[in-house]
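Student: Turn this into a model:
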Amino acid sequence: MQQIGFLLYPGFQIMSLAAVSAFEFTNVELEEKVYEVRYLSEHGGPIANSLGMVMETEPFGDPAALDTLIVAGAPGIRLPNAAETDFVRAALPATRRLASICTGAFFLAEAGILDGRRATTHWYVSRELQSRYPKIKIEEDRIFIIDGSVWTSAGMTAGIDLALAMVEKDHGIEVARAVARMLVVYHRRSGGQSQFSALLELEPKSDRIQKALDFARGNLKSQLSVEELAEAAHLSPRQFSRAFRAETGQSPAKAVENLRLEAARLMMEQSRHPIDVVADETGFADRERMRRAFLRAFGQPPQAIRRNAQQELQR
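Tutor: Okay, the predicted model is just below:
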């Protein structure tokens, strides 16, 4: 029986524990207790989450007793204390898998575990993670990432995707699919965080600017000049540019490039279209222009993004 430890702390986000369901229903599916979940904290005893609900925990102990340690996320950025950092660092060589959900990645980063590794976290704090820990290879669009024995997931619900991938690794694809059906979730969610974050990050305040963004996303092959977008918003080009920046904090050109990048990355990850076709379909016009945009945004060329996605599916 595999011991799955969840590292909890005062103020952890309760949705981090949604991942527990994947292990619970694997036991149900196999009609055998193959996973035992343990809740750990520095001193043990009652720990209140961000909503004030209290959970009983046991003190850290020896990480070698665990097969997998998963660090829960918090509603915001929460850095570990010295004892938590030491326990996470000791878990790397002692456990088969070390993982984080959402902002739990900051625990792994603070312990130095993510240095030189590919990792992800919630898109809202991914740039902060990269800024604080520049040695990490952040991929902010991923739902989850596996780099050796270290697993990181995006937002709280992405912890379910991560847990299902662990189940698949341990017990095969059919068991993971059966568990996903019981949970009424996708076995493998298509797309990355960008499908949720690219437009959410802009958060326009007016319907006119939202209409322009919707028009842009649906017409990426067009030039999408300021004049085109202004017409979709029923504003003059000058009014549109001023209103767009005031509402989103970005220029129209930057927002359009981000939408093109989102669409191009998804096509690279989920299709076998040649790079020239992807560049044309997403409005980059030529592969070299798209390559430069990928390097600026992701630090990797399109071919590397596709290769990484294929490797993760094969794990």
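Student: all contacts plus neighbour counts: C-alpha atoms, from now on.
Tutor: Will do.
Student: Give me the contact list for stretch 71-87.
Tutor: Identification of contacts with stretch 71-87 by Cα atoms under 8 Å, 6 or more residues apart in numbering yields 6-8, 11-13, 16-17, 42, 50, 60, 63, 99-108, 110-111, 125, 156.
Student: Mind checking which of those are in strands?
Tutor: If you go by DSSP state E, the contacts of stretch 71-87 have 6, 7, 99, 100 in strands.
Student: which of those residues tops the neighbour count?
Tutor: Among the ones in strands among the contacts of stretch 71-87, the one with the most neighbours (other Cα atoms under 10 Å) is residue 100, at 29 neighbours.
Student: nearest spatial neighbour of the residue of the chain most remote from its centre, skipping sequence neighbours?
Tutor: Distance from the centre of the chain peaks at residue 236, with 38.0 Å (Cα atoms, centre = their mean). In space, and not counting its chain neighbours, residue 236 is closest to residue 230: 5.9 Å by Cα to Cα, 6 or more residues apart in numbering.
Student: Run through the neighbouring helices and strands of the strand or helix carrying that neighbour.
Tutor: According to DSSP states H and E, residue 230 maps onto helix 226-233. If you count contacts as 3 or more Cα pairs under 8 Å, 6 or more residues apart in numbering; DSSP states H and E, helix 226-233 packs onto helix 207-218, helix 237-248.
Student: TSV please, covering the ones you listed and showing distance to residue 170 and mean neighbour count.
Tutor: Output for the helices and strands packed on helix 226-233, formatted as TSV (distance: least, Cα to Cα, whole Å; neighbours: other Cα atoms under 10 Å):
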stretch	distance to residue 170	mean neighbour count
helix 207-218	39	18
helix 237-248	44	17
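Student: Ok, which of these comes nearest residue 274?
Tutor: Residue 274 lies closest to helix 207-218 among these, at 21.2 Å (Cα to Cα).
Student: still on that earlier bit, and residue 67, which of the helices and strands packed on helix 226-233 is closest to it?
Tutor: helix 207-218 (44.0 Å).
Student: And the contacts of that closest one?
Tutor: Residues outside helix 207-218 that contact it (Cα under 8 Å, 6+ apart): 199, 204, 224, 229-230, 232-234, 240, 243-244, 256, 259-260.
Student: cutoff 10 Å now
Tutor: 199, 202-204, 219, 222-226, 228-235, 240-241, 243-245, 247-248, 252, 255-256, 259-260, 262-263, 282 (Cα atoms under 10 Å, 6 or more residues apart in numbering).
Student: Check stretch 303-310 too.
Tutor: 139, 142, 145, 265-272, 274-275, 291, 294, 298-299, 314.
Student: Show the buried residues in the contacts of stretch 71-87.
Tutor: Buried members of those, counted by 16 or more other Cα atoms under 10 Å: 6-8, 11-13, 16-17, 42, 60, 63, 99-108, 110-111, 125, 156.
Student: quick one: the closest residue to residue 205 other than its chain neighbours from residue 210, how far?
Tutor: Counting by Cα to Cα, 6+ apart, residue 205 lies nearest to residue 247, which is 6.0 Å off, once chain neighbours are set aside. Distance from residue 247 to residue 210, counting by Cα to Cα, to the nearest Å: 10 Å.
Student: Number of residues surrounding residue 177?
Tutor: Neighbour tally, residue 177, other Cα under 10 Å: 18.
Student: Identify the residues contacting the helix or strand containing it?
Tutor: Assigned by DSSP H and E, residue 177 falls within helix 173-183. By Cα under 10 Å, 6+ apart, the list of residues contacting helix 173-183 from outside reads 21-30, 160-161, 163-170, 184-188.
Student: mind redoing it with 6 Å?
Tutor: Contact partners of helix 173-183, identified using Cα atoms under 6 Å, 6 or more residues apart in numbering, comprise 25, 164, 167, 168, 187.
Student: The fourth one: what secondary structure?
Tutor: Right, residue 168. Following DSSP: H, G, I helix; E, B strand; the rest coil, we place residue 168 in the helix state.
Student: Ok, residue 146 next?
Tutor: Assignment for residue 146 (three-state DSSP): strand.
Student: which non-adjacent residue is nearest it?
Tutor: Once flanking residues are discounted, residue 146 sits nearest to residue 152: 6.7 Å by Cα to Cα, 6+ apart.
Student: Now do that neighbour against residue 31, distance only.
Tutor: Distance, residue 152 to residue 31, by Cα to Cα: 29 Å.
Student: Pick out whichever of the two has more residues nearby.
Tutor: Using other Cα under 10 Å, the more surrounded residue of residue 152 and residue 31 is residue 152, with 31 against 9.
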